[in-house]
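*Asks:* One predicted model, sequence on top.
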Number of protein chains: 2
Amino acid sequence: MTARNAFYAQSGGVTAVINTTACGLIQEARRLYLLSPERIGKVYAGRDGIIGALTEDLIDTSLESDEDIARLRHTPGGAFGSCRYKLKSLEQHRAQYERLIEVFKAHDIGYFFYNGGNDSMDTAWKVSQIAESLGYPVVCVGIPKTVDNDLPLTDCCPGFGSVAKYVATSIREAGYDVASMARTSTKIFVLEVMGRHAGWITAACGLASENAGEPPHILLFPEVPFDPPRFLARVEECVKQYGYCTVAVSEGLADADGRLIAESGTRDAFGHAQLGGVGQIVAQLIKDKLGYKYHWALADYLQRSARHLASRTDLEQAYALGVAAVDLALGGKNAVMATIERLSDAPYRWRIGEAPLAAVANVERKMPAEFIAPDGFQITPACRTYLQPLIEGEEPPPFRHGLPDYVRLKNIAVEKKLETFAI
Amino acid sequence: MTARNAFYAQSGGVTAVINTTACGLIQEARRLYLLSPERIGKVYAGRDGIIGALTEDLIDTSLESDEDIARLRHTPGGAFGSCRYKLKSLEQHRAQYERLIEVFKAHDIGYFFYNGGNDSMDTAWKVSQIAESLGYPVVCVGIPKTVDNDLPLTDCCPGFGSVAKYVATSIREAGYDVASMARTSTKIFVLEVMGRHAGWITAACGLASENAGEPPHILLFPEVPFDPPRFLARVEECVKQYGYCTVAVSEGLADADGRLIAESGTRDAFGHAQLGGVGQIVAQLIKDKLGYKYHWALADYLQRSARHLASRTDLEQAYALGVAAVDLALGGKNAVMATIERLSDAPYRWRIGEAPLAAVANVERKMPAEFIAPDGFQITPACRTYLQPLIEGEEPPPFRHGLPDYVRLKNIAVEKKLETFAI
């Protein structure tokens, strides 16, 4: 019996460490192939995620050198391309699911690895179901990835720890800057961070404040309805007490009716909603009501691609999950997601676990209410205990010419065997 | 004869390495004091810059431990506080200059070190003049500092190399992110960087593009009048050719009439100018005219406080200038600024030099026209040759609990001897 090949795809927003997972997965597959070539063949990656599977645009990773695959460990972004394409229900998109199986058959793919968030786990689960019913068994294993840290049944999601480290470092550093200037110039600094539905990234900013009075002074969570008078009163208190005030605000900040603050702004002459981020809206509110000069920053993609400052914990987990996915698949574990299980907080110990895809699919993990302080503006000690180990450790990438030296793969396509398919 | 004390002040916007200069200066003063205590006494720092001198609010740095002074080398911001307070001409503000001399007399200050940009060098020069005429000689030495890299007669300014390294790294990393997602999602990424009058920081982004097609694809300099049709045509070309387009834009981007693009925006319902940064305006223009989804980031203070990613060249120069300032002062060199002289590009070699404050004061160094490519959207090889060594090398700060471990000094005030003085 010939070894069956594997398909791997990256899905959704990319992170600083999703390629680290790809590195672990490909290196483990190569290692096992050398040991017993009858167990696993090549790893084909979908170009631009699942779209590559649908269009039969497969990348032959076996044509990449060992050196370049090793460099994936320290390269941000998605090396094979990712996409925000969501397969709908089996009923609506049955032809697409069938197409996936057709492509898998054509390229002798027996393992399907899907590296993504909630939607991706749902897709992986559906593929596992239809493969069975179409009589072409494929072992489907999900691998978690999301800066939003919102997948259930895993202690955390690769990608989150590195964003957490980046935003906490950034607001600490900017805090030193503002503190220096506050007497005669800028007194307010606002950093807008990602997290439309859950405040995990905003909470991570709070790690920078280890002692009373240290930045950030105020966290604005999407979970806590924005109350301008209370917020302004707290800003004023900080300025009186510390001479300045630093704020981390989630892009998902909303009012008591659930309306996003970012969309509540004024409209321009053409009737377009003002597009300034919520960070600017909040900063301008302070200026208008309290008169303080502000600066604000919008981290945007910088926060999720900042491989130069990735967390070593995050890297190790991302890598281990890639390895584990292969081992689970070869062990015949179908329709599972590899997970992180926390064994202890301090010292931090963890191991790889697994969860049924059916239980993960489309379930969003919220931040526990007990992670937000009673005043709504800070994290609790319990939250700190949870978050702290996730940002520990550094593993800088190699530098060349003063800049991080990242890899670009050759990404050579596998020869097509099927008719084209319109998606 | 008792040793005379030194006064040191930080001025203007702070940087990732201005404390590195303070570290060099204080360590050198301590070293010389141990060798020959009759030559130099204590270093007093102005709390919040020159304001501390005017208000006789002096910080006794001799009360800080050697360990904490050493930690200044890796701490961003201004450890003693900085300010944007500019002393005007001798005619207008003679009382202030006289007050400075009065404070210097009261605390036996014989050395005046001013660490800042153009305005500060002007102030230092004026102090050197009036001290002479009031019969209280003070040796005045300027130390360059500005992320804007716009001081003349020095090869570069401490602070700039680290911002340069940060913005080039950031746009490279974000470029990997956008490239992964471009097929189905965001095709445009815009990073807004500092530099209101000169495009040095924008140019530094260009270092990330080492081969054709690598981000950033377009640089928008304050020196090149913004021409929307030409810009949009170039964006379209990039999207066609590479699938995406990344843009670095200077906050100082202006139109052919010199009007800032950031101020040309629409007004809100209250008549306020729309405050969205120029990064957003440029990105929205692409969306409106070409229909491409965009992301944009505003680095703001993050870029100038990012000590975690400082350039080792920048750190070494910042430190050496602090040391050199003391040596110049004790050598009786009055009214000079310590400078960096470039000896060769590759290998990069440099040494400390000096320039008369009178020649530095209020002179702004522009970016040479030959550093901008003929199409106005890229840097030239000559620019790359100049910039490259300034971002070389890494010297990460110590980390604790997963975050950079920066120092906060005790900053204990020297007892006041004079009446209060209203500024």
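*Replies:* Right, received. Where do you want to start? None of these values were measured; they are calculated from a predicted model.
*Asks:* Dihedrals phi and psi, A:F399?
*Replies:* Dihedral angles of A:F399 (phi, psi; degrees, to the nearest 10) stand at phi -110, psi 150.
*Asks:* Apologies, that question was intended for A:R349.
*Replies:* Torsion angles, degrees, to the nearest 10, at A:R349: phi -130, psi 140.
*Asks:* Not counting sequence-adjacent ones, nearest residue to it?
*Replies:* A:L343 (4.1 Å; CB to CB, 6 or more residues apart in numbering or on different chains). In short, each C-beta sits where N, CA and C put it, glycine included.
*Asks:* what stretches of chain A score poorly on pLDDT?
*Replies:* A:1, A:264-276 (pLDDT under 70).
*Asks:* Does the residue nearest to A:R349 touch A:I352 like I think?
*Replies:* No: in this structure, A:L343 is not within contact of A:I352 by CB atoms under 8 Å, at 11.2 Å.
*Asks:* So between the two, which is more surrounded?
*Replies:* A:I352 (17 against 10; other CB atoms under 10 Å in any protein chain shown).
*Asks:* Assumed the residue nearest to A:R349 was part of a strand.
*Replies:* Yes: assigned with DSSP: H, G, I helix; E, B strand; the rest coil, A:L343 falls within a strand.
*Asks:* Tell me which residues touch it, please.
*Replies:* A:349-351 (CB atoms under 8 Å, 6 or more residues apart in numbering or on different chains).
*Asks:* Can you show me the strands along the stretch 301-423 of chain A?
*Replies:* Per DSSP state E, counting those that start in this stretch, the stretch 301-423 of chain A carries strands over the ranges A:336-344, A:349-356, A:399-400, A:403-404.
*Asks:* now do chain A
*Replies:* A:5-10, A:43-46, A:58-60, A:109-116, A:139-144, A:188-193, A:218-220, A:245-250, A:294-298, A:336-344, A:349-356, A:399-400, A:403-404 (DSSP state E).
*Asks:* ok, and what's touching the second one?
*Replies:* The contact list for strand A:43-46, computed with CB under 8 Å, 6+ apart, reads A:5-10, A:22, A:25-26, A:29, A:52-53, A:57-62, A:79-81, A:107, A:109, A:411, A:414.
*Asks:* among these, which are in reach of chain B?
*Replies:* Filtering those for proximity to chain B by CB under 8 Å from any CB of the partner chain leaves A:10, A:79, A:81.
*Asks:* which ones are touching the first one?
*Replies:* When contacts are counted by CB under 8 Å, 6+ apart, A:Q10 is found next to A:18, A:22, A:45-46, A:49, A:78-82, A:115-116, A:145, B:180.
*Asks:* now, among those, which is nearest to B:P404?
*Replies:* A:I18 (25.0 Å; CB to CB).
*Asks:* Relative to chain B, how far out is the closest one?
*Replies:* 9 Å (CB to the nearest CB, to the nearest Å).
*Asks:* That residue and A:Y319 touch, don't they?
*Replies:* No: at 11.1 Å, A:I18 does not count as touching A:Y319 under the criterion of CB under 8 Å.
*Asks:* Could you check how far A:K42 is from A:L63?
*Replies:* 9 Å (CB to CB, to the nearest Å).
*Asks:* Which one's more surrounded, those two?
*Replies:* Using other CB under 10 Å, the more surrounded residue of A:K42 and A:L63 is A:K42, with 22 against 14.
*Asks:* isn't the more buried one right up against A:A6?
*Replies:* Yes: using CB under 8 Å, A:K42 is in contact with A:A6, at 7.3 Å.
*Asks:* Near the closest residue to A:F221 other than its chain neighbours, how many other residues are there?
*Replies:* Excluding the flanking residues, the one nearest A:F221 by CB to CB, 6+ apart is A:G199, at 3.6 Å. By other CB under 10 Å, 28 other residues sit near A:G199.
*Asks:* before we move on, back to that, identify, from the ones next to chain B among the contacts of strand A:43-46, the entry nearest to A:V360.
*Replies:* Using CB to CB, those come closest to A:V360 at A:Q10, 17.4 Å.
*Asks:* near chain B, which residues of the stretch 51-200 of chain A?
*Replies:* Counting by CB under 8 Å from any CB, the residues of the stretch 51-200 of chain A near chain B are A:51, A:75-79, A:81-85, A:165, A:168-170, A:172-181, A:183-185, A:189, A:191.
*Asks:* So which of the residues you listed are in helices?
*Replies:* A:51, A:165, A:168-170, A:172-181 (DSSP state H).
*Asks:* Give me the domain ranges for chain A.
*Replies:* A:5-146+A:307-362+A:392-404, A:160-305 (automatic domain parsing).
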